[in-house]
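> no sequence on hand, only this structure:
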């Protein structure tokens, strides 16, 4: 009997140790690579249900990452969406800056500053004319470089291969933990992949030069500046969409090259790799072109992928927001601080713990939105009637069901009112309008 109890004890201890090994914490990442793909719609990727094979490499990456299927940006414009991503603060925090600056104001810590203070070597490579260290036509003040040891901006408006080439040298530095922020401009308009890119979707030769060059601005001039209709036809619009898909496919090919460089530098399995977009793109689905105009999912629904060392591929369907990324990154690094964040860590979601449902909020000019992942309310603070959409039954947001579902409308309306009171307050609408006018005066939007 003592012998039996002895072996039972050993068996119990073995099972306990096995259980502990199954639930042990994943290894803590050493590096962070944050990839922002400017103007990338989630619904143009196969992992989000698109039929065209635009993204085989992103799809493979999604299978080994945490894929957040229901992520939304906080604005439909690079400013202030990128600001929110880099700081986990609501867009209103960046409106109304002195001299109409677009950067990250002093007093709001960015992810780069936080990681720099913890000994990270911090590097940015940005092809954006907005997310800049130095002034540009579209951002006369710069102001995104605080906290970065290196802010490389020679790739402005250049294709993804330029960003990759600059990034590769920094991937090999190896002295300190690395924070690498990569801001790609593909597939932002004009939709024009490199000449060497062999078209698979945009075939034929349209008559109109602006269509061949993937330039949607003549449509914007007609819609927003009172210029004549450029003779737009359904075939023209389809060709622009096809060129956009070509740009997505081109970026996807370059994403594979980036991953190869990360792997060759020995950083693939000890880095937290995050991919998202600042906003999407409109092709007249709701009467607009480009972006910075509305808060429909064509502009607001973005891809979000997080590859975490020691965590296999999984899908999270609950609603999340871009401003959740900074708290999530810091959580996995074990770098919790006392900074104020408007977002929340998604680690519990990744671990399968069900917390309170998160509401997603958005800001664009006079427009504000709130969504619970199933329903979305868009409110025009300029006085136009609100609209409520059932995203499950009507993912294209074509049917306003407000009059048919007053209870859901009242719930989301009250949540949006409370959010506005807490995070915007008096004068916020004027500040948002001024920001819109500023972007228009700079030529960034029509």
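Structure's in. What do you need? In this text, all values refer to a predicted model and were calculated from it rather than measured experimentally.
> so residue 217 sits against residue 224, correct?
No - taking contacts as CB atoms under 8 Å, residue 217 lies outside contact range of residue 224: 10.0 Å. C-beta coordinates here come from the backbone N, C-alpha and C atoms, glycine included.
> and the strands in the stretch 51-200 of the chain?
Listed in chain order, the strands found in the stretch 51-200 of the chain under DSSP state E, counting those that start in this stretch are 66-68, 71-72, 121-126, 150-152, 178-184.
> mind putting these into JSON lines with distance to residue 268, mean pLDDT and mean neighbour count?
Shown next, in JSON lines, are the strands of the stretch 51-200 of the chain (distance: least, CB to CB, whole Å; pLDDT from 0 to 100; neighbours: other CB atoms under 10 Å):
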{"stretch": "strand 66-68", "distance to residue 268": "16", "mean pLDDT": "98", "mean neighbour count": "24"}
{"stretch": "strand 71-72", "distance to residue 268": "23", "mean pLDDT": "98", "mean neighbour count": "25"}
{"stretch": "strand 121-126", "distance to residue 268": "17", "mean pLDDT": "98", "mean neighbour count": "24"}
{"stretch": "strand 150-152", "distance to residue 268": "22", "mean pLDDT": "97", "mean neighbour count": "19"}
{"stretch": "strand 178-184", "distance to residue 268": "13", "mean pLDDT": "98", "mean neighbour count": "26"}
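> residue 339 versus residue 349, what's the distance?
Here the criterion is CB to CB, to the nearest Å. By it, residue 349 lies 21 Å from residue 339.
> what residues of the helix or strand hosting residue 409 count as buried?
Using DSSP states H and E, residue 409 falls within helix 406-423. By 16 or more other CB atoms under 10 Å, the buried positions in helix 406-423 come out as 408, 409, 411, 412, 413, 415, 416, 420, 423.
> any idea of the mean pLDDT for that helix?
What helix 406-423 shows for mean pLDDT is 95.
> other SSEs contacting that helix?
Helix 406-423 is packed against strand 367-371, strand 375-380, strand 387-390, with contacts defined by 3 or more CB pairs under 8 Å, 6 or more residues apart in numbering; DSSP states H and E.
> so which of those is the most surrounded?
strand 367-371 (a mean of 24; mean count of other CB atoms under 10 Å).
> direction included, what does it pair against?
Note on strand 367-371: by DSSP bridges, its sheet partners are strand 360-364 (antiparallel), strand 375-380 (antiparallel).
> starting at the chain centroid, how far to that strand?
Centroid displacement of strand 367-371 relative to its chain, using CA atoms, centre = their mean, to the nearest Å, is 17 Å.
> between that strand and helix 406-423, how many degrees?
If you take axes from the mean of the first three to the mean of the last three CA atoms, to 10 degrees, strand 367-371 sits at 120 degrees to helix 406-423.
> other residues contacting strand 367-371?
Here strand 367-371 makes contact (CB atoms under 8 Å, 6 or more residues apart in numbering) with 72, 294-295, 300, 319, 359-362, 376-381, 391, 412, 415-416, 419-420.
> show me where the stretch 301-446 of the chain dips below the pLDDT cut-off.
Counting by pLDDT under 70, the stretch 301-446 of the chain shows low-confidence ranges at 337-338, 426-446.
> that older thread, quick one: the strands of the stretch 51-200 of the chain as TSV, columns for distance to residue 211 too.
What follows is those, written out as TSV (distance: least, CB to CB, whole Å):
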stretch	distance to residue 211
strand 66-68	34
strand 71-72	31
strand 121-126	29
strand 150-152	34
strand 178-184	24
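> give the contact list for the residue nearest to residue 377 when sequence neighbours are not counted.
Computed as CB to CB, 6 or more residues apart in numbering, the closest residue to residue 377 that is not its neighbour in sequence is residue 412, at 4.0 Å. For residue 412, the contact set (CB under 8 Å, 6+ apart) comprises 359, 370, 371, 372, 375, 376, 377, 388.
> which of those sits closest to residue 59?
The shortest approach to residue 59 among the contacts of residue 412 belongs to residue 371, at 25.2 Å (CB to CB).
> can you pull up the bridge partners for that closest one?
residue 360, residue 376.
> so what's the residue nearest the centre of the chain up against?
Closest residue to the average C-alpha location of the chain: residue 277 at 2.7 Å, with CA atoms, centre = their mean. Applying CB under 8 Å, 6+ apart, we find residue 277 in contact with 36, 37, 38, 39, 40, 41, 42, 73, 302, 303.
> how about the second one, phi and psi?
The phi and psi values for residue 37, taken as degrees, to the nearest 10, are phi -100, psi 110.
> show me where the chain has its helices.
Here the chain has its helices, by DSSP state H, at 2-22, 56-63, 78-87, 111-117, 160-171, 209-212, 217-225, 234-264, 297-300, 325-333, 347-350, 406-423, 428-441.
> what's the neighbour count on residue 200?
When counting by other CB atoms under 10 Å, one arrives at 13 neighbours for residue 200.
> residues near the closest residue to it other than its chain neighbours, how many?
Ranked by CB to CB, 6+ apart and with sequence neighbours excluded, the top spatial neighbour of residue 200 is residue 249, at 6.7 Å. Residues lying near residue 249 (other CB under 10 Å) number 24.
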